[in-house]
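Peer 1: missing the sequence, but the structure's below:
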């Protein structure tokens, strides 16, 4: 019973980092596809794999939720008096990151296939 409880607690503590790593990997896959382009074999494969994975929201939803939760925590830290960076550029960077994600989701993410 103690082993099962320890394993369950371990999963609860580690799973969010796995979700976050998954979203970061999807972002890297998307970046590789856009940098290499459709003409390059690896760029074509990365783009196709990225689109295939994003078609399944039940797979990507926990990672995206964890990424937004991390963003909220970082933004709350950035605007608080406990901010370790005295510059306002951390808030600007976090706001731009969120604006880019929302822009891509609302405007740029729904293009027709060729």
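Peer 2: Ah, there it is. Just so you know, these numbers come straight off a predicted model, no measurement behind them.
Peer 1: quick one, what contacts the residue most central in space within the chain?
Peer 2: Central residue of the chain (CA atoms, centre = their mean): residue 23, 3.8 Å from the mean position. By CB atoms under 8 Å, 6 or more residues apart in numbering, the contact list for residue 23 reads 60, 63-64, 66-67. From N, CA and C alone the C-beta is placed, and that goes for glycine too.
Peer 1: in the protein, where is pLDDT below threshold?
Peer 2: Applying pLDDT under 70 to the chain flags residues 108-114.
Peer 1: state which helix of it is the longest.
Peer 2: For the chain, the longest helix by residue count, based on DSSP state H, is helix 2-36.
Peer 1: wait, isn't residue 19 in contact with residue 68?
Peer 2: No. Shown here, residue 19 and residue 68 do not form a contact pair, counting by CB atoms under 8 Å, at 11.0 Å.
Peer 1: so those two - more neighbours on which side?
Peer 2: Neighbour tally, residue 19 and residue 68, criterion other CB atoms under 10 Å: the higher count belongs to residue 19, 20 against 13.
Peer 1: residues contacting the more buried one?
Peer 2: Residue 19 is in contact with 62-63, 65-67, counting by CB under 8 Å, 6+ apart.
Peer 1: about what we covered before: got the contacts of residue 23 as CSV, with neighbour count and distance to residue 8 columns?
Peer 2: Converted to CSV, those look like this (neighbours: other CB atoms under 10 Å; distance: CB to CB, whole Å):
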residue, neighbour count, distance to residue 8
60, 16, 24
63, 19, 21
64, 18, 24
66, 19, 18
67, 19, 24
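Peer 1: count of residues packed around residue 33?
Peer 2: 21.
Peer 1: next: residue 103.
Peer 2: 11.
Peer 1: how close does residue 39 get to residue 47?
Peer 2: Per CB to CB, to the nearest Å, residue 39 is found 11 Å from residue 47.
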